[in-house]
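Visitor: Provided below for reference: sequence and predicted model.
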2 protein chains.
Amino acid sequence: MADDFLRLIHLPQAVELLLGSLPDVDDEVETVSSEEAHGRVLARDLVAPEDLPGFERSTMDGYAVRAADTFGAGEGLPAYLEVVGEVLMGRPADMRVVRGQAVRISTGGVMPAGADAVVMVENTELSGNTVELVKGVAPGDNVLRPDEDVARGSLLFEKGLVLGPPQIGALAGLGIDRVDVFRIPVVGVISTGDEIVPPGQVPGPGQVRDVNSAALVAAVRQAGCEARAYGITGDDFDRLLTTSAQALSDCDAVIISGGSSAGVRDMTAGVLAAMGRPGVLAHGIYLKPGKPTLIAVCDGKPALGFPGNPASALAVFRELMVPLLRKLKGEAPGPGTGVPRKVEALMDRSVSSAAGRLELVPVSLHLEGDGLIASPILGKSNLIGTLARARGQVRVPIGVEGLEQGQSVDVELLE
Amino acid sequence: MADDFLRLIHLPQAVELLLGSLPDVDDEVETVSSEEAHGRVLARDLVAPEDLPGFERSTMDGYAVRAADTFGAGEGLPAYLEVVGEVLMGRPADMRVVRGQAVRISTGGVMPAGADAVVMVENTELSGNTVELVKGVAPGDNVLRPDEDVARGSLLFEKGLVLGPPQIGALAGLGIDRVDVFRIPVVGVISTGDEIVPPGQVPGPGQVRDVNSAALVAAVRQAGCEARAYGITGDDFDRLLTTSAQALSDCDAVIISGGSSAGVRDMTAGVLAAMGRPGVLAHGIYLKPGKPTLIAVCDGKPALGFPGNPASALAVFRELMVPLLRKLKGEAPGPGTGVPRKVEALMDRSVSSAAGRLELVPVSLHLEGDGLIASPILGKSNLIGTLARARGQVRVPIGVEGLEQGQSVDVELLE
């Protein structure tokens, strides 16, 4: 154990180790109705089953014409056409436009046979049955071809895309009522520590309520996964092992959130080692907060020992667990994946940072004049007070010595 | 109608008009369990009901001592203390430390009477019952006072805060099991247009499936509100009025998403005018896409006529509806409110923009070498194809003429 205690790794390496250990999710597919697919991850490339709009369609309100009849028309030399009918919305265009004729049409209307362009209503003046055109059009102007919006057989969405409102809309537009998505991963959350009592219980002397179960369950849900809480095990190896093994069998990943003492951490490391192969891969991360994080893979499933400290636990969740869950969900990495919302702010005091580790400085934010001020949240603990006050964090990369008072920083919003 | 048609306003003015018309949400409060409060908006300031940790607590693994006994201790001149016991986690410290004594303690343990500081285990060496200290401590070192994390009566969270994982954790830590939150606003969604058919129906000639109901319902849910879909009304004034009035009575806001023709737009304006006072406030926004947006307030509730075009409808939703829903939810504006996730990219072609309007250029994104390339999605329509391909948008403010090929731009991610 003494040697293991020193096995610290860098955060990107920790993420890589865990991602590399994950099973392929390709078989974990379920079919859901498109209405329920919001937020889900597409499990197969989706190809358009038909052309859209599917008919030749006007993109303007105006007159469907033969472009040849308008050549050379302008303010000084208008063209005059006879209006022979109107295309009704949602109806076939059951007329034919021949030389010298025009048909009224609305945006979205079906182009009548014979017409090959639409003159915008703004460039026309109607008098009786005659429409005056003060601008010519070329063939195809203001007309959408039947497959111009979406062509049948074209790739609409790639596997691994998260389905948001635009995608849900597109599915509706193509009449796709069911869609194959990846199963939602389940994350087991366990709290351990003899001093931890459930939130509903009044703590006795030396006891504290379980913060991490509630916070981590909420974080798992926010990441679009299902959380299952296994309660508090106390500092008992066998009990923790039994509960953890059950959670690992039920779930796709397990988080054991430790008590605050080194003893619990060692016990958790022992449990992770006993749960499966290869077991514990690292005993800590060059990260503050979050150094005492245990990283294990047990028979193909990630199992993590999180710091007991709530602000640290949530930081590790964001840095390590969120990328992991993204992969477990089947999300394909794309431009912008994992980019947080950020605001620019000025630091109102300096913060020093130890060399050789990534530091995430929690800050509160307030407006001063036109600009934002970031106040680092210092103090002895990363407990509830930090959770309550921090609205953002400033990333101090390895190799940067700290942040200066008055320095402009990018604050990542915590939400 | 002809005059009204010209009543265009700028986007910030549109947002302001709508926000100014909203009723106070202060009475719309419900009590939920803290476990279910994730994502909800706090309806009252929350004051800490007790001190945390509530007892004097060690923040390190080590030895609880009287600081005076360690003064001057160093590598060259260690202090030696007698170890008289150990504080167990989650238990009261039922011993007393007197001069020359030390007690083993873990992070989170209760400080025993008489001790006023903790020496970190790293600065000690135990031999038998005697611990050697190679570093002195001052009173209070590595000790958290009973109210140092959170003080009873202090303001924990302000009204209007969205409860995320840190807040849910803090509620658990303080034993707060129920919390007052604002009611979730309900948004009615109506589609209109004679050419629109439900997604489950095979469109006849000239018909298209209803994209906007599905897309807007998903967008409303993504914004943390409840959506109620009222179906498709067709281009019938009385039917649209009946349905809209019902939706307005059931919901906190209504979106009527128009067909594509000018006729439907005029009809929708008439319906909005007939639904209540003051009625239609503006007939369009200096915004692309999204110009033909009808803005109305009917007896204290916002009612909006959205463009029929799906990409436009979603753009208007993001720009106009999201700030509106935030206020309806009771969210207090804070630093970072409404800031989108962004990535930097290079434009791979130029885009011109008309003066006098805000333009939102949809782009697809791809990686080229180390950098991102943004390709503007051009073409005649803002239909399904745009929904399918756009992963972000570039904001071209009023007064900016366009974007140059090769220009570095901030791309707001669409999700």
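Guide: Sure, I can see it.
Visitor: contacts only, for the residue nearest to A:P49 when sequence neighbours are not counted.
Guide: With sequence-adjacent residues excluded and distances taken as Cβ to Cβ, 6 or more residues apart in numbering or on different chains, A:P49 is closest to A:L174, at 6.2 Å. Heads up, the C-betas are built off the backbone N, CA and C, glycines and all. Counting by Cβ atoms under 8 Å, 6 or more residues apart in numbering or on different chains, A:L174 touches A:48-50, A:52, A:150, A:156, B:209, B:384.
Visitor: ok, now A:L163?
Guide: Here A:L163 is in contact with A:37-42, A:157, A:171, A:179, A:181 (Cβ under 8 Å, 6+ apart).
Visitor: just give me the closest of the residues you listed to B:S127.
Guide: A:V41 (58.2 Å; Cβ to Cβ).
Visitor: what's the burial count for that closest one?
Guide: 22 (other Cβ atoms under 10 Å in any protein chain shown).
Visitor: what does A:V297 give?
Guide: There are 23 residues near A:V297, going by other Cβ under 10 Å.
Visitor: A:D250 too?
Guide: 12.
Visitor: can you tell me how far it sits from chain B?
Guide: Per Cβ to the nearest Cβ, to the nearest Å, A:D250 is found 20 Å from chain B.
Visitor: so who does that residue touch?
Guide: With Cβ under 8 Å, 6+ apart, A:D250 has these contacts: A:186, A:188, A:228.
Visitor: of the residues you listed, buried ones?
Guide: Among those, the ones that count as buried by 16 or more other Cβ atoms under 10 Å in any protein chain shown are A:186, A:188.
Visitor: export the contacts of A:D250 to CSV and tack on pLDDT?
Guide: Conversion of the contacts of A:D250 to CSV gives the following (pLDDT from 0 to 100):
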residue, pLDDT
A:V186, 98
A:G188, 98
A:R228, 98
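Visitor: narrow the contacts of A:D250 to those in strands?
Guide: A:186, A:188, A:228 (DSSP state E).
Visitor: ok, the residues you listed vs chain B, which is closest?
Guide: Set against chain B, the nearest of the ones in strands among the contacts of A:D250 by Cβ to the nearest Cβ is A:R228 (13.3 Å).
Visitor: I figured that closest one hits A:A247, correct?
Guide: Yes - A:R228 is within contact range of A:A247, at 7.2 Å (criterion: Cβ atoms under 8 Å).
Visitor: common neighbours of those two, please.
Guide: Joint contacts of A:R228 and A:A247 (Cβ under 8 Å, 6+ apart) are A:G188.
Visitor: and the helices in the stretch 201-350 of chain A, which stretches?
Guide: A:212-222, A:237-250, A:262-275, A:310-316, A:322-328 (DSSP state H, counting those that start in this stretch).
Visitor: quickly compare the ones you listed and say which is most buried.
Guide: With neighbours defined as mean count of other Cβ atoms under 10 Å in any protein chain shown, the helices of the stretch 201-350 of chain A peak in mean count at helix A:310-316, which reaches a mean of 28.
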